[in-house]
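Q: turn this into a model:
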Amino acid sequence: MVRKPLWLPLLLSFATMFLLYLMGYIFDISIFEFKLYEGPNLNTEIALLPIVIGIIVGFIVERMIIVKRK
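A: Prediction:
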């Protein structure tokens, strides 16, 4: 049985998410931001686009690894 390296797609997926959230914070891009509002009511807004893009990057990297092994 051949083990697939899980760490590379997972690492690149999380790195992509982190960089997109960081870009959203630095450049004030609302579709890439993670917002936390404190006050009487705790409000949290999480953009889902960086998560979706990170998952897609993970799948692409995994497919590239599989193709290179063949």
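
Q: host element of the residue most central in space within the chain?
A: The C-alpha lying nearest the average C-alpha coordinate of the chain belongs to M17 (C-alpha atoms, centre = their mean; 2.5 Å). Element membership of M17 [criterion: DSSP states H and E] is helix 7-27.

Q: can you tell me the strand partners of the helix or strand of the chain with the lowest mean pLDDT and which way each runs?
A: Sorting the helices and strands of the chain by mean pLDDT, DSSP states H and E puts strand 34-37 at the bottom, at a mean of 82. The sheet places strand 34-37 alongside strand 43-46 (antiparallel), with pairing taken from DSSP bridges.

Q: the partner strand: how far from the chain's middle?
A: Remark: strand 43-46 is offset 17 Å from the chain centroid, using C-alpha atoms, centre = their mean, to the nearest Å.

Q: what's that strand in contact with?
A: 33-37 (C-beta atoms under 8 Å, 6 or more residues apart in numbering). (Each C-beta comes from the backbone N, C-alpha and C, glycine too.)

Q: helix, strand or coil for the residue lying closest to F14 once chain neighbours are set aside?
A: Nearest residue to F14, sequence neighbours excluded (C-beta to C-beta, 6 or more residues apart in numbering): G54, at 6.7 Å. Three-state call for G54 (DSSP: H, G, I helix; E, B strand; the rest coil): helix.

Q: G54 contacts L19, correct?
A: No - G54 lies out of contact with L19 (C-beta atoms under 8 Å); the separation is 9.2 Å.
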